[in-house]
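J.: Give me the fold of what follows.
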Amino acid sequence: MTNRVCELLEIKYPIIQAPMNWVSGAELVAAVSNAGGLGTLGPNCGAKEITSDVDLTGERMRAQIKKVRQLSKAPFAVNVVVGVGEDMKYSKKIVEVIIEESVPAAIVSVGRPEIYTDTLKAAGIKVLHAISTPRHGQKAEAAGVDAVICEGYEAGGHKGFTELTTLTLTPMVADSVDVPVIAGGGIGDARGVLAIMALGADGVYMGTRFMVTRESESHAHVRQAIVEKNDVCTVSLPKDYMIARDLINDFTKEYLRMKQAGASSGDLKNFLNEHSQYYSQHLGRAEDAEICCGQVAGMIHGEKGAGEVVKEIAEIINEKFEALRQRLSVFL
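T.: You can find the predicted model right below:
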């Protein structure tokens, strides 16, 4: 038996650690990859301060790539956040660096697939493109990507403007494209992996569960805040450029109050900048700064090693599959 994602990426398990801003650095990536999944370096990984310097952004990523290779011989990926207009200077630099460093795979997001796909593939890099609708999946496939990644409304962070859930989005995308489909949003354990595979996905995309791990760069205050939250602990924030799911705290309450009061786009943007994830994930301000995370946060009751998360899924999935088979026996 084979799995298309495992074959494509040369990994043992089709478990992809989603890139997370200020969170997914070299130690987390190496731990996931060493356990048989695919770790992914995210924006601002390993950084200690905010910068607008393009060259410094690139060299920070290069240093993290080299650190991953010191910690692991397994495949890994780097996130390329495409952006638009002036912001594209950062993604161009990241693409330049990952080509120079011969990174095995790139997870490309927030931008048109045709911009970097040919360049990356010409360098021998596998391209996984993040999409939010079946139509976008078809567009990415036409651009030549190796696989598409879809995230449902349950997922943390930024997801476009649609509100399609993982349960509905995954089969629609799987029915719309021929390339492998990696799906995420609400996956935190082996049960979620089974569910997402049953919906037609070839692999799973997990972020929040890996945020609350020992190797994560997420501040201890943030990890503890997630562990202490109850089952209803996230909210979806409407922003000018897309929807974002965050942990409920004083920041989200104030943002929604401002939005309802009719605050201007400029005021909202300034508020977001002044309470960005740098202040939560790096400085530990868990109450008055943004914390992007998914609904799966309500399922997380303690901290583990990232490798433990991967291995636990692999070890108990047969048990969960057998339980599922028994419940389905009336149909068999």
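J.: CA-only coordinates of the host helix or strand of Ile98 in CSV, if you can.
T.: According to DSSP states H and E, Ile98 maps onto helix 88-100. Taking Å, rounded to 0.1, in the frame of the first residue of the first chain, the C-alpha atoms of helix 88-100 are listed here in CSV:
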residue,chain,number,x,y,z
MET,A,88,6.3,40.5,-2.6
LYS,A,89,9.9,41.6,-2.1
TYR,A,90,10.0,39.3,1.0
SER,A,91,8.7,36.3,-0.8
LYS,A,92,11.1,36.8,-3.7
LYS,A,93,14.0,36.8,-1.2
ILE,A,94,12.7,33.7,0.5
VAL,A,95,12.4,31.9,-2.8
GLU,A,96,15.9,32.9,-3.7
VAL,A,97,17.2,31.5,-0.4
ILE,A,98,15.4,28.2,-0.5
ILE,A,99,16.6,27.6,-4.1
GLU,A,100,20.2,28.4,-3.1
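J.: tell me the mean pLDDT for stretch 201-219?
T.: Across stretch 201-219, pLDDT averages out at 97.
J.: ok, now stretch 13-33?
T.: 97.
J.: What separates the first and last residues of it, distance-wise?
T.: Stretch 13-33 has an end-to-end distance of 10 Å (Cα to Cα, to the nearest Å).
J.: repeat for stretch 258-272
T.: End-to-end distance (Cα to Cα), stretch 258-272: 11 Å.
J.: Need the contact partners of it.
T.: Stretch 258-272 is contacted from outside by Pro238, Lys239, Asp240, Glu254, Tyr255, Glu290, using Cβ atoms under 8 Å, 6 or more residues apart in numbering. Using the backbone N, CA and C atoms, a C-beta is placed for each residue, glycine as well.
J.: Just the buried residues out of these, in ChimeraX syntax.
T.: To isolate the buried ones among these in ChimeraX, judged by 16 or more other Cβ atoms under 10 Å, type:
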select :255,290
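J.: Report the lowest-confidence entry in the contacts of stretch 258-272.
T.: Within the contacts of stretch 258-272, pLDDT is lowest for Asp240, at 69.
J.: Do a quick rundown of the strands in the stretch 151-300 of the chain.
T.: 157-158, 181-184, 203-206, 234-238, 243-247 (DSSP state E, counting those that start in this stretch).
J.: Relative to the fourth one, what are the paired strands and their orientations?
T.: Note on strand 234-238: by DSSP bridges, its sheet partners are strand 243-247 (antiparallel).
J.: same deal with the second one?
T.: Strand 181-184 pairs in its sheet with strand 147-151 (parallel), strand 203-206 (parallel), by DSSP bridges.
J.: could the ones you listed go into JSON lines alongside mean neighbour count?
T.: As requested, the strands paired with strand 181-184 are exported to JSON lines (neighbours: other Cβ atoms under 10 Å):
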{"stretch": "strand 147-151", "mean neighbour count": "27"}
{"stretch": "strand 203-206", "mean neighbour count": "27"}
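J.: In TSV, list those strands along with distance to Arg325.
T.: Shown next, in TSV, are the strands paired with strand 181-184 (distance: least, Cβ to Cβ, whole Å):
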stretch	distance to Arg325
strand 147-151	26
strand 203-206	20
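J.: To Val173, which of those lies closest?
T.: Ranking the strands paired with strand 181-184 by proximity to Val173 (Cβ to Cβ) places strand 147-151 first, at 4.6 Å.
J.: next one: the closest one to chain centre, how far?
T.: 10 Å (Cα atoms, centre = their mean, to the nearest Å).
J.: let's have the chain start at 42 instead
T.: Done: numbering now begins at 42, and the last item shifts to strand 188-192.
J.: where do the strands sit along the stretch 42-191 of the chain?
T.: 56-58, 80-82, 117-122, 146-150, 167-172, 188-192.
J.: Sheet-wise, list the partners of the fifth one with their directions.
T.: Its sheet considered, strand 167-172 pairs with strand 146-150 (parallel), strand 188-192 (parallel) by DSSP bridges.
J.: care to break the protein down by domain?
T.: Domain assignment for the chain, taken from automatic domain parsing, gives 45-258+343-372, 261-323.
J.: Just name the most buried of those.
T.: Highest mean neighbour count of those: domain 45-258+343-372, a mean of 20 (counted as mean count of other Cβ atoms under 10 Å).
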